[in-house]
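Visitor: predicted model and sequence follow; I will ask about them next.
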Amino acid sequence: MVIQLLSITALFLFFNFPMTTLVLANSCGLQNGATGQFEFYTYYLYHFVSLLIPFVCLGALSEVRKKIKQMIIFQTMINVITPGNVLFR
């Protein structure tokens, strides 16, 4: 539970920190549009967090993580030829 909380908090802080600094700069006197394209990227990252939270929650659960690793890792098949009943005509 603690790992989930810390990972969600880190995700939130990482993606929302640029937006927070931009809002703080605007409240301190920076004009709107002074940062150029940076505003659009921060708005995108701000709303992108909600799409990543389910993956963070699933990754924090050890049982689900093991099942995902089993699905992703392909096990190599070893072909063994054994003598059997071979009919020659």
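Guide: Arrived safely. Everything numeric in this text was worked out from a predicted model, so none of it was measured. Residues are numbered from 1 along each chain as shown.

Visitor: for the record, mean pLDDT for the helix or strand containing residue 40?
Guide: Residue 40 belongs to helix 38-60 when assigned by DSSP states H and E. Mean pLDDT, helix 38-60: 83.

Visitor: now residue 64, nearest residue through space, not along the chain?
Guide: Spatial nearest neighbour of residue 64, excluding adjacent residues (C-beta to C-beta, 6 or more residues apart in numbering): residue 58 at 5.1 Å. (C-beta placed from N, C-alpha, C; glycine too.)

Visitor: my guess is the one you found contacts residue 67. True?
Guide: No: between residue 58 and residue 67 there is no contact under C-beta atoms under 8 Å: 9.8 Å.

Visitor: shared neighbours of those two, anything?
Guide: By the contact definition C-beta atoms under 8 Å, 6 or more residues apart in numbering, residue 58 and residue 67 are jointly contacted by no residue.

Visitor: which parts of the protein are helices?
Guide: 2-27, 38-60, 62-72 (DSSP state H).

Visitor: how about a markdown table for the ones you listed, with distance to residue 82 and mean neighbour count added?
Guide: Supplementary listing: the helices of the chain in a markdown table, determined by distance: least, C-beta to C-beta, whole Å; neighbours: other C-beta atoms under 10 Å:
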| stretch | distance to residue 82 | mean neighbour count |
| --- | --- | --- |
| helix 2-27 | 47 | 13 |
| helix 38-60 | 42 | 13 |
| helix 62-72 | 28 | 10 |
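
Visitor: format the ones you listed as CSV; extra columns: distance to residue 83.
Guide: Output for these, formatted as CSV (distance: least, C-beta to C-beta, whole Å):
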stretch, distance to residue 83
helix 2-27, 53
helix 38-60, 47
helix 62-72, 33
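
Visitor: between the ones you listed, which one is nearest to residue 84?
Guide: Closest to residue 84 of these, according to C-beta to C-beta: helix 62-72, at 31.6 Å.

Visitor: gap between the helix holding residue 40 and the chain center?
Guide: Chain-centre distance of helix 38-60: 9 Å, with C-alpha atoms, centre = their mean, to the nearest Å.

Visitor: angle of that helix against helix 62-72?
Guide: 100 degrees (axes from the mean of the first three to the mean of the last three C-alpha atoms, to 10 degrees).
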